[in-house]
Structures are given as structure tokens and as C-alpha cells.
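Novice: quick one: sequence plus predicted model below, questions after.
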Amino acid sequence: MKKFMKGFVYAFRGLVKGVCEELNMMLHLVAAAVVTIVGLYVGLEQWEWVAVVLSMGLVLSLELLNTAVEGLVDMISPEWSEKAGRIKDFAAGAVLVAALAALVVGVLVFGPKFF
């Protein structure tokens, strides 16, 4: 059980480091906070909250994973390498896909409430 609980400590530490050290993570969190405030203001339905929270969670999770991939690539390949660059681009692309999907969810959920 002690080992299990340590896993939460490590995960929380990674989350805090990601938020404190990564500008993109901070920007995503600010966007998530704004979306949450607007969602509360317009009174989202339960299913709308599910879509919004899942979208935010996906983007934030992939941003943390992207940060981990970039750190690992930099550790393994400190010198510039085309292959290392491609790996980083793929990881960043995954975040972009999730962010664009979250944007579409946002338009579908919030659009009818404002237009």
C-alpha cells in the first residue's frame, strides 16, 4: 500500500512541475479555468460538462506527456538530430490534435449559447 501511495506523490509532483515549469501547460490551465468559469456562467448541462472536462483532461494529459517525451529525447540525444526533432514534432502534434478537438467541442457546446 505504501508503494501505491508513493505513486500518487510522484504523479502529483510531476503535475506540479509541469504547471510551474512549462509555459504551454500554464496556458492550457488558464484556458481550462476560463472555460470552467464560462461554463458555470452559462449553466452547462451535465453531458456538456462531460464533453468539456474530457476535452480539457485530454489536452492537459497530452501536454504533460509531450513534456516527458521532449525531456527524454533531449536526455538521449542532446545534440540536434533530425530523428529526435521528428519525435518531438510527433508528440507536439498529438497535443495540437487534442487542442483542436477540444476547440471543436467548445464551439459545439458553447456556440449555441452565444449565437
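Specialist: In hand now; what should we look at?
Novice: helices and strands of this protein: which one bottoms out on pLDDT?
Specialist: In the chain, no helix or strand scores lower on mean pLDDT, DSSP states H and E than helix 2-21, which sits at a mean of 93.
Novice: immediately after that one, which helix or strand?
Specialist: Using DSSP states H and E, the next helix or strand after helix 2-21 towards the C-terminus is helix 23-42.
Novice: quick one: that next one to helix 2-21, angle?
Specialist: If you take axes from the mean of the first three to the mean of the last three Cα atoms, to 10 degrees, helix 23-42 sits at 90 degrees to helix 2-21.
Novice: buried stuff in helix 23-42?
Specialist: Buried residues in helix 23-42, counted by 16 or more other Cβ atoms under 10 Å: 25, 28, 29, 31, 32, 35, 38, 39. The C-beta positions use only the backbone N, C-alpha and C, and glycine is treated the same way.
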